[in-house]
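# build the 3D model from these lines:
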Amino acid sequence: MQTILLNPLANNLLMFARFQLIRPLNLLFIILGQCALLMHLIESNAAIQGFFLIFSTILSAAAGYVINDIFDIKADFVNRPTRPLVSGKISKTNAIVFYLTLLLSSLFIAYYAAIPGLLAVVVFINIALFFYALFVKRTAIVGNLLVSVCVGMVFIVCNLLAETPSILASGIGIFATAANFIRENFKSIEDFAGDKIASFRTLPVLIGSKNAMIATGFISLVFGGILLYRAIYPITPEVSTIAWALIAIIGGSAFFLIGIMALRNPDIVTAKKLSLITKFVMLIVIMLIFLL
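So this is what the prediction gives:
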């Protein structure tokens, strides 16, 4: 009787651990952004194809998060000891099976959707995220840039359903790439201790967390300045000038302030706060896309 009662509990705990592995909040950001873009790019009769596009890219992103945790166990013992693999909530074997399930499902859906170019994009994202987790993540700048390009691509891929390539989707993809690159740099600084123990060659490990913080602060200032400058220049005639100016001013001002905060307090505690703030700013911009 006790064994029967424990089995459902064990299954629920395993499901919760898998849920934690795939970073559901991050996936929600992607879903919202893609839905907002597709509202502007496709007709209602293409909604089913839009669903398949979103589903395949979301599964690819989820697979990327799982494989990242699998290869990051050593560093996460210091950086994130509550993560499912490190804390023992899920075994490495179970996580690998879960990863393969997500990977194959993303490829199958992309193939089944029969959207020209989608399967190629999904294959690229999965390969890129695998090699990012395997060794590219451990390389200064390149690792953060690669994963940020993948983030940008999940928005640019919405162009596959548009009659003509959309400057809006490309612009949001570039924004997401730059914003995520800044956030990844803050996360690298936040993870300095564990990455150093794991012998990762990230920027903070190579030049020190303070210098990496200063460099990221300058990058954020430049990015914020570019957005503010572009506020008076709509990215496409189809986009409301006021709506675009709102996005550019809010996003630009936020990243400009993030840069100032990073330069004023170039320490790991500030990096952790700015990583969360950057994520929040990205969410605000995604929500504002619905107003365009």
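# pLDDT below threshold where in the stretch 101-250 of the chain?
235-240 (pLDDT under 70).
# ok, which stretches of it are helices?
Taking DSSP state H, counting those that start in this stretch as the criterion, the stretch 101-250 of the chain contains helices spanning 118-134, 142-156, 167-190, 192-197, 203-207, 209-230, 241-264.
# which parts of the third one are buried?
When neighbours are counted by 16 or more other CB atoms under 10 Å, the buried residues of helix 167-190 are found to be 168-173, 175-190. Bear in mind the C-beta positions are built from the backbone N, C-alpha and C, glycine included.
# that helix - contacts with which helices or strands?
helix 24-41, helix 142-156, helix 203-207, helix 209-230, helix 241-264, helix 268-289 (3 or more CB pairs under 8 Å, 6 or more residues apart in numbering; DSSP states H and E).
# in PDB, list the C-alpha atoms belonging to that helix.
As requested, the backbone C-alpha atoms of helix 167-190 are provided in PDB (Å, rounded to 0.1, in the frame of the first residue of the first chain):
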ATOM      1  CA  ILE A 167      11.600  44.400 -40.900                       C
ATOM      2  CA  LEU A 168       9.600  44.200 -37.700                       C
ATOM      3  CA  ALA A 169      10.500  40.600 -37.000                       C
ATOM      4  CA  SER A 170      14.100  41.100 -38.000                       C
ATOM      5  CA  GLY A 171      14.300  44.300 -35.800                       C
ATOM      6  CA  ILE A 172      12.900  42.500 -32.700                       C
ATOM      7  CA  GLY A 173      15.200  39.600 -33.400                       C
ATOM      8  CA  ILE A 174      18.200  42.000 -33.400                       C
ATOM      9  CA  PHE A 175      16.900  43.600 -30.200                       C
ATOM     10  CA  ALA A 176      16.500  40.200 -28.500                       C
ATOM     11  CA  THR A 177      20.000  39.200 -29.600                       C
ATOM     12  CA  ALA A 178      21.700  42.400 -28.200                       C
ATOM     13  CA  ALA A 179      19.600  42.400 -25.000                       C
ATOM     14  CA  ASN A 180      20.200  38.700 -24.300                       C
ATOM     15  CA  PHE A 181      23.900  39.200 -25.000                       C
ATOM     16  CA  ILE A 182      24.000  41.800 -22.300                       C
ATOM     17  CA  ARG A 183      22.100  39.600 -19.900                       C
ATOM     18  CA  GLU A 184      24.300  36.600 -20.600                       C
ATOM     19  CA  ASN A 185      27.300  38.700 -19.700                       C
ATOM     20  CA  PHE A 186      25.700  39.700 -16.400                       C
ATOM     21  CA  LYS A 187      25.000  36.000 -15.800                       C
ATOM     22  CA  SER A 188      28.600  35.100 -16.500                       C
ATOM     23  CA  ILE A 189      29.700  37.600 -13.900                       C
ATOM     24  CA  GLU A 190      27.100  36.200 -11.500                       C
END
